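Fold the stuff below for me.
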Amino acid sequence: MTDFNAIDALLAGARQQPGLPPAGQRRALRQALNLSRTQVAQALGVSPSTVGGWEQGRDPSGEIREKYAYFLAGAQERLRPQADTPPHPVSPHPAAGPPDSSTPTARPAAPAEDEPLPAPQPCVLCGAPATDQVEGYPQHLHPDDCTHPTPNPPTTPHPETPASAPAPPPPTTPTTPTTPATPSPPTRPQPATRHRSPHHHGRTPELIARAVHEALDTHGGDLKAATAELQRRAIPDAMALLDACRTGARYDIVGHPPLPDILRKKSAHGADEVWEARPHWARHEAPPGTTDVTALDINGAYLSALKTHLPLGALEYSTGNVHSRRRSGIHLITPPEWDHHPYLPNPLGNREEPGPVWVTEPTLRLLQRLATPQYGHLCDPPVIHESFTSGSTEQLFEKFRQTLRDAREKAINEEDEVTLEYVKSMYSKFVSTMGESNYNRELYRPDWMHIIRSQAFVNLWLKAHKAHTAGLPVMRVMGTDELHIAGDWRQVFTEGRDVSQVKVKDVYTLPAGRR
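The predicted model follows:
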């Protein structure tokens, strides 16, 4: 017999999608109330760019649609008494006084975080006209718009678009046991901000092909000698390629802002205070019946990690358990307890010291994701104590990354091992020499280096979690690119040499004691 009670309950719980006003009205309602996209996004639990997409015609669905419809209806109701007089939003750039050092947060006042510009300005990333600003930087809100630099870029920065953000005022040091040293001018001499003249190398892939051709010609076709030479010159060649990829860009990659003390090495051969969460984990006991394990190699780990949230300009200091999705940097957190070590590695890596630790943006975001229902509340949310952050973007190295990716794939398809090894050296050495390195004195951003490395670790952890949720025992997770899985891993991953695929590194049988 049909369960009529169940049908009644289903109908009672069914809800129609609430209607939304046209896209143009959505933006007008928000502006009429003098609200930024960031404020609306924080209230709805989404990113400002998501709100921007809704205001350009995309529609949300589900529960978030109901929340957005509720906000818009409330905005219309609030503005209804003013129907006879069109509302005039207050200027989004009010004069800001000095920060109050007595408050828990000492972040300097900044321009409106995510607002339309009165007139188009060159995007800080690609140089093409942009109509919005993010954290005070003119930017395209959508990556698809941020790929076409202007054909004749200006050689001087726009007067309203600083190439390098000014250093923040001295922060207020909180009186907590975990307070680090406050920012101070770095010991390394800081070059004056400069703007590199565009290198007219033609299409960027030609740089790679030309270098390979010249090396082979110099060494009379000796593949081994040509490869060795290309690997030696990988760093300056990567910087030249970066220049070519950023022709017309408004943000000066090599303008070195002051960095906090925690990002400086404590000795010549020591390390700074940032924890990258590098995994080094092995499962102690395999499920019953497990014998054969496949060691998988993750292709292009650092290449993929170039797409991550990187801070622009100087890092600003703040305190409190607050996190903005439009900013990126490093954070002092108390990490959550991890109760899944027998079958999944701790996303914080092999850290044995208890207490707060400085982590990067990717690590923080991963821990926050794992505390959501989507991941079954694998852990509690981390507690943020202090942060050094700035307005961020995922697109800073995007054209550079795509160019290297395309060259890598072309070399694989043509079985060109010389070009393949050259390209791999370019992106791996580029990442590893961003910090205090004598091999690349032109680029000094240890915060970017830590963030990109951590993003590679996060990507590997997520692949391990994907295998685990598919029912495959994860046996080992190492570094940035090594994942050992028992069972039919091909049901989860695709074998191949592309960046989105994996290679088989080894197949072995577990010892009897570990089965």
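
Not including adjacent chain positions, what is the nearest residue to residue 44?
residue 67 (5.3 Å; C-beta to C-beta, 6 or more residues apart in numbering). In this view, the C-beta of every residue, glycine as well, is placed from N, C-alpha and C.

Give me the three-state assignment for that neighbour.
Assigned state for residue 67: helix (three-state reduction, DSSP: H, G, I helix; E, B strand; the rest coil).

how far does stretch 213-225 sit from the chain's center?
38 Å (C-alpha atoms, centre = their mean, to the nearest Å).

And the contacts of that stretch?
226, 227, 229, 230, 417, 418 (C-beta atoms under 8 Å, 6 or more residues apart in numbering).

Quick one: mean pLDDT over it.
Here stretch 213-225 scores 94 as its mean pLDDT.

That one: end-to-end distance?
From its first residue to its last, stretch 213-225 covers 13 Å (C-alpha to C-alpha, to the nearest Å).

How many neighbouring residues does the nearest residue in space to residue 338 that is not next to it in sequence have?
The shortest distance from residue 338 to any non-neighbouring residue, by C-beta to C-beta, 6+ apart, is to residue 346 (4.3 Å). Here the count is done by other C-beta atoms under 10 Å, and residue 346 has 19 residues near it.

is it true that residue 346 lies in a helix?
No - Residue 346: not assigned to a helix; according to three-state DSSP it is coil.

contacting residues around it?
279, 281, 338.

What of residue 117?
Counting by C-beta under 8 Å, 6+ apart, residue 117 has contacts 130, 131, 132, 133, 138.

Could you verify my assumption that the first one touches residue 52?
So that's residue 130. No - the criterion here is C-beta atoms under 8 Å, and residue 130 misses it with residue 52 at 11.9 Å.

which of those two has more neighbours?
More crowded of residue 130 and residue 52, by other C-beta under 10 Å: residue 130, with 25 against 20.

packing partners for the helix or strand where that one lies?
Residue 130 is part of strand 129-134 when elements are defined by DSSP states H and E. Judged by 3 or more C-beta pairs under 8 Å, 6 or more residues apart in numbering; DSSP states H and E, strand 129-134 is in contact with strand 114-122, strand 137-139.

all strands of the chain, in order?
114-122, 129-134, 137-139, 274-275, 280-282, 292-298, 310-311, 316-319, 327-334, 357-360, 383-393, 474-478, 482-486, 502-509 (DSSP state E).

Ok, which of those comes nearest residue 235?
Nearest to residue 235 among the strands of the chain is strand 310-311 (19.0 Å), distances taken as C-beta to C-beta.

just how off-centre is the closest one within its chain?
For strand 310-311 - counting by C-alpha atoms, centre = their mean - the centre lies 7 Å from the chain centre.

List the neighbouring strands of that strand plus their orientation.
strand 383-393 (antiparallel) (DSSP bridges).

And the strand it pairs with, what's buried?
By neighbour count on 16 or more other C-beta atoms under 10 Å, the buried set for strand 383-393 is 384, 385, 386, 387, 388, 389, 390, 391, 392, 393.

Likewise for stretch 400-410?
Applying 16+ other C-beta under 10 Å to stretch 400-410 flags 400, 401, 402, 403, 404, 405, 407, 408, 409, 410 as buried.

Buried residues of the strand holding residue 130, list them for me.
129, 130, 131, 132, 133, 134.

re the thing from before, mind checking which of the buried residues of stretch 400-410 are in helices?
400, 401, 402, 403, 404, 405, 407, 408, 409, 410 (DSSP state H).

hang on, the earlier thing: reformat the contacts of residue 346 as a markdown table; add distance to residue 458, neighbour count and pLDDT.
What follows is the contacts of residue 346, written out as a markdown table (distance: C-beta to C-beta, whole Å; neighbours: other C-beta atoms under 10 Å; pLDDT from 0 to 100):
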| residue | distance to residue 458 | neighbour count | pLDDT |
| --- | --- | --- | --- |
| 279 | 10 | 22 | 90 |
| 281 | 14 | 18 | 95 |
| 338 | 15 | 16 | 95 |
